[in-house]
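1. show me the folded form of this:
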Amino acid sequence: MQIISSTNTTASILFTILIIAACSGRAFGQFESTSRMLSTTIMSTTDSLFRAQTAVIQQRKSMAIAAGVYPAGTAPSTAAPPPQQIPKQFPITATDFRPASGPIVPDQLADSATGVDPQTREQMRKLYQQALTSFEAGARKNNLANAFAFITAVALKVRTGQEPTNAQADQLIIYFNNIIGGSPAFRTYDARQLQTLYESLIITGNIIALLDAQANNPQLQAQAKEMSRVVLKQFLGVDA
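-> Numbering: from 1, shown residues only. So this is what the prediction gives:
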């Protein structure tokens, strides 16, 4: 079954160059506070997705044990080796969503910025919108698995210093597609909530990359590394 549909997640990370070239000092100050706000929103929103999926996994394990099929490494010594269990796979369309409207988050972020003049506010709005446009030029549009894979790929690059390959990015897409596709919580969100989460993931990924690219400001790079650590801990369970 083909799961991935013409994606190129790692290429989207290069959008950072566009932001660095265009942002002003005032706008950059807003990117710092915005990144923290978006991170909090994303983590609280996605927590229910991953907790629900964990509950589903535990339930499957309990049912398997009741049927005499034990997870690898936990079977009693007298039991026959359990058959290899293949995780449930979902088509990439399982994490597609239909947008509720035009872009939501760029306007929300620009309108909530404080202490900036109208010109800077408009510049921020365009940059946030450009982040979405750039991402969708190289990845599946309106798809949560691709958005999760993107921010995770950015976090991995920041923490390790190495850009994930396209093959690795595709594996991230499969991973998130199966988790979200199998999560009951995913089906409780309305179109606007899904669109807001999708846009927030993409914009936050770009902001993390932007902060990390500030070679002359160790404090901002440290912030990018900490945000990346939180992303990897939350999404992959890895305390990098």
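
2. what are the ranges of the helices in the protein?
-> Secondary structure of the chain, counting by DSSP state H: helices at 9-12, 16-22, 25-66, 105-112, 118-138, 144-160, 166-181, 191-212, 218-236.

3. now the fifth one - C-alpha only, CSV.
-> Put plainly, it is helix 118-138. These are the backbone C-alpha positions of helix 118-138, laid out as CSV (Å, rounded to 0.1, in the frame of the first residue of the first chain):
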residue,chain,number,x,y,z
PRO,A,118,1.6,48.7,10.9
GLN,A,119,4.4,48.1,8.4
THR,A,120,6.1,45.6,10.6
ARG,A,121,2.9,43.9,11.4
GLU,A,122,2.1,43.5,7.7
GLN,A,123,5.6,42.2,7.1
MET,A,124,5.1,39.5,9.8
ARG,A,125,1.8,38.5,8.3
LYS,A,126,3.4,38.0,4.9
LEU,A,127,6.3,36.0,6.3
TYR,A,128,4.0,33.7,8.2
GLN,A,129,1.9,33.2,5.1
GLN,A,130,5.1,32.6,3.1
ALA,A,131,6.1,29.8,5.5
LEU,A,132,2.9,28.0,4.6
THR,A,133,3.2,28.6,0.9
SER,A,134,6.8,27.4,0.9
PHE,A,135,6.0,24.2,2.8
GLU,A,136,3.1,23.3,0.6
ALA,A,137,5.3,23.7,-2.5
GLY,A,138,7.3,20.7,-1.4
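
4. can you give me the angle it makes with helix 144-160?
-> Calculated by axes from the mean of the first three to the mean of the last three Cα atoms, to 10 degrees, helix 118-138 forms an angle of 110 degrees with helix 144-160.

5. and the angle from helix 118-138 to helix 191-212?
-> Using the same axes, to 10 degrees: helix 118-138 against helix 191-212 is 100 degrees.

6. now for helix 118-138, which elements pack on it?
-> On a contact count with 3 or more Cβ pairs under 8 Å, 6 or more residues apart in numbering; DSSP states H and E, helix 118-138 meets helix 9-12, helix 16-22, helix 25-66, helix 105-112, helix 191-212. Every C-beta, even on glycine, is put in place using the N, C-alpha and C of the backbone.
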